[in-house]
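Participant: give the three-dimensional model of this entry:
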Amino acid sequence: MASQPSLSDLRRAKFARRLPAALSELAGPEHGTVSLPRHLAWSGLTTFDLDQPRLRMSYYRIVLAEGQHDDLARYLNRGLLVSLWPTLRTLISRDVREVWERSFEELAHSAQAAA
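Facilitator: Now for the predicted structure:
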C-alpha cells in the first residue's frame, strides 16, 4: 500500500503548479500603488504602495502565498523579487520558499549570497 503524501508535500505541489516557467514572466509593477483583487487580499489591506518597504514586503508575501499562475505574472516583478528574496524568504512559509528556490536557481543563489 502506497503511503499518503504529507500535508507539506500537498502544499508544495499546489505552489509548484502555479509557478511561471521562468522568472522573466514576472512583469508586474516596480513602483506606485497597486490594488490587489479580493481573491488575493481577502483579509485586511488591499492597496499597497510599492515604494514603501513594509507595504512592498506585505504585498509580495500575499501574492506568493495566494496567487495563481496568472496573478504571479501580473503582480510580481522579477527584479524586485530577486532583490527582496534574501529577506522575503524568511517571511514566507517553508513550502513556498522551497518550491521557488528549487525551481529558480537565481533565488537560491541570492539567498546563499546574503547568508
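
Participant: tell me where this protein has helices.
Facilitator: Assigned by DSSP state H, the chain shows helices spanning 7-18, 53-66, 69-75, 78-88, 94-103, 105-114.

Participant: reformat those as TSV; add distance to Thr46.
Facilitator: Any C-beta I mention is one placed from the backbone N, CA and C, and that applies to glycine too. Compiled in TSV, those are given as follows (distance: least, C-beta to C-beta, whole Å):
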stretch	distance to Thr46
helix 7-18	20
helix 53-66	9
helix 69-75	12
helix 78-88	19
helix 94-103	21
helix 105-114	26
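
Participant: least confident of those, on average?
Facilitator: Per-stretch mean pLDDT for those is lowest at helix 105-114 (a mean of 79).

Participant: what angle do it and helix 94-103 make?
Facilitator: With axes from the mean of the first three to the mean of the last three C-alpha atoms, to 10 degrees as the criterion, the two stretches helix 105-114 and helix 94-103 enclose an angle of 110 degrees.

Participant: elements contacting helix 105-114?
Facilitator: When contacts are defined as 3 or more C-beta pairs under 8 Å, 6 or more residues apart in numbering; DSSP states H and E, helix 105-114 packs onto helix 78-88, helix 94-103.

Participant: distance from the chain centre to it, please.
Facilitator: Using C-alpha atoms, centre = their mean, to the nearest Å, the mean C-alpha position of helix 105-114 is found 15 Å from that of the whole chain.
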